[in-house]
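>>> Need the 3D shape of this:
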Amino acid sequence: VRRYFDLQPVLVPICAIGLAFAIGSVVILAVGENPIEAYTELLKGMFGSKDRIAASLGRSTPYIGAALSVAFAFRAGLFNIGVEGQLLIGATVAAWVGTWSMIGDSPGIVIIPIVLLAGVAGGGLYGAIPGVLKARTGAHEVIVTIMLNSIAVFYVRWLVGSQDPVILRDMNASRPQTAPLPDAARLPELVSGGQPLHFGFFLMLGLCVLVWFVLQRTTTGFEVRMIGANAPAARYAGVRVNRVIVLVMVSAGALAGIAGASEVSGTTGFLLPGVFLAVGFDSIAIALLARANSFAIVPAAILWGSMLAGAPLMQQETGLSIDLVRIIQALVLLFVAADVIVRTIFRIRKREIELGPMAEAPVSAALGGTP
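All right, here's what the predicted structure looks like:
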């Protein structure tokens, strides 16, 4: 009974969220506003109507895929900070492939998988770079992925913004962007709006199930978790650690790439260079909040995305800055990362045993060092 119903993995994040909102109330009071009114308007903006619920889920969609990328790397003890670059490269390749004339007349059942697979290929290849460098030279993936983020941002900005020569820029648009995808390449919209809810949301849910299955029901997943727990022991047991490291980073990049491709195909229909600004780093916070659990990522990402979707209504009705939401999110991240504070305040005892599929990932190991 304890194995399946111990609430430890849930209690700490919930208490961290509650504590962050409590401190946020103090900030609201300090500027002379009513925290109850502010949070009421925030909740209305998040889930106050069918359209707002759809907008919140749509805003959360890329966060699910990006956080899943971070969480998968966590399981191997790797800290993938390069999600933003992998998102951007995957989205760029998808936006480019989707406008090829040779597939322009294909039906949606053909062209949509091609666009998504292009995103997988772009993100996976970009994720392979830090994986190979880590395995071959020992280069730390944190440093490499940070540099690759900057390279991706400036490279895509040049590809999309260049007018001499014209590479990917749509010269008929008033701002730098890629050419729009044909209608057949667009993911079906479930609820239209400023932030539409499209089929990509359910695609991300399917990826969560797939990652859980790989980690918990396959030999490769067992090797990934073994390396995350103790790389020298895994090597001694015969696991090809370097090969698995490369595989994990490629897979993490592919997850980010398909998230980027689904956002281009489902939300905008074209690529703007700054569309994924801060999504990569927010996904790290979401993965930490979810304790790198594939299923817990879904509610964590929905919370994160819906808060951002609901913040404008709170600002409109109360005059509070949207930055208040960012403050609360930062506090959530602080208390989840430094869970000793939460455990001390709420007197939550630390777990002594592993809980199988619901066990927390070795996040502290990923932060402190990698195999």
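>>> Helices of the stretch 1-150 of the chain, residue ranges please.
2-5, 8-30, 35-47, 50-75, 83-97, 108-137, 141-161 (DSSP state H, counting those that start in this stretch).
>>> Other residues contacting the third one?
When contacts are defined by C-beta atoms under 8 Å, 6 or more residues apart in numbering, helix 35-47 is touched by residues 21, 24-25, 28-29, 52-53, 56, 306-307, 309-314, 316-318, 320, 324-325. The C-beta positions use only the backbone N, C-alpha and C, and glycine is treated the same way.
>>> same question, the second one
Residues from elsewhere that reach helix 8-30, judged by C-beta under 8 Å, 6+ apart: 34-35, 38-39, 289-291, 293, 296, 300, 303, 320, 324, 327-329, 331-332, 334-336, 339, 341-343, 345-346, 348, 351, 355, 358-360.
>>> Write the ChimeraX selection for whichever of the contacts of helix 35-47 are buried.
Buried subset of the contacts of helix 35-47, written as a ChimeraX selection, criterion 16 or more other C-beta atoms under 10 Å:
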select :24,25,28,52,53,56,306,307,309,310,311,313,314,318,320,324,325
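>>> how far out from the middle of the chain is the helix or strand containing residue 313?
Secondary structure from DSSP states H and E places residue 313 in helix 297-318. Counting by C-alpha atoms, centre = their mean, to the nearest Å, helix 297-318 is centred 16 Å from the centre of its parent chain.
>>> Mean confidence (pLDDT) on it, please.
For helix 297-318, mean pLDDT rounds to 93.
>>> repeat for stretch 146-165
94.
>>> now what about that stretch, what contacts it?
Residues contacting stretch 146-165 (C-beta under 8 Å, 6+ apart): 81-82, 84-86, 88-89, 92, 126, 129-130, 167-169, 171, 176-178, 271-273, 280.
>>> who touches the residue nearest to the spatial centre of the chain in this structure?
In the chain, the residue lying closest to the centroid (C-alpha atoms, centre = their mean) is residue 66, at 2.2 Å. Applying C-beta under 8 Å, 6+ apart to residue 66 gives the contacts 83, 87, 255-256, 259, 279-280, 282-283, 286.
>>> Check the gap between the closest residue to it other than its chain neighbours and residue 87 for me.
Sequence neighbours aside, residue 283 is the residue nearest to residue 66 in space, at 3.5 Å (criterion: C-beta to C-beta, 6 or more residues apart in numbering). Computed as C-beta to C-beta, to the nearest Å, the residue 283 to residue 87 distance reads 9 Å.
>>> do you know which of the helices of the stretch 1-150 of the chain lies nearest residue 213?
Minimum separation from residue 213 across the helices of the stretch 1-150 of the chain (C-beta to C-beta) falls at helix 50-75, 12.3 Å.
>>> coming back round to it: the following helix or strand past the helix holding residue 313 packs against which elements?
Using DSSP H and E, the next helix or strand after helix 297-318 towards the C-terminus is helix 323-337. Judged by 3 or more C-beta pairs under 8 Å, 6 or more residues apart in numbering; DSSP states H and E, helix 323-337 is in contact with helix 8-30, helix 279-289, helix 297-318, helix 339-346.
>>> Just name the most buried of those.
Of these, the one with the most neighbours on average (mean count of other C-beta atoms under 10 Å) is helix 279-289, at a mean of 25.
>>> helices or strands up against that helix?
Helix 279-289 sits against helix 8-30, helix 50-75, helix 83-97, helix 297-318, helix 323-337, with contacts defined as 3+ C-beta pairs under 8 Å, 6+ apart.
>>> Residue 293 and residue 299, how far apart?
Taking C-beta to C-beta, one finds residue 293 at 10 Å from residue 299.
>>> Please apply the same query to residue 108.
Distance of residue 108 to residue 299, computed by C-beta to C-beta: 31 Å.
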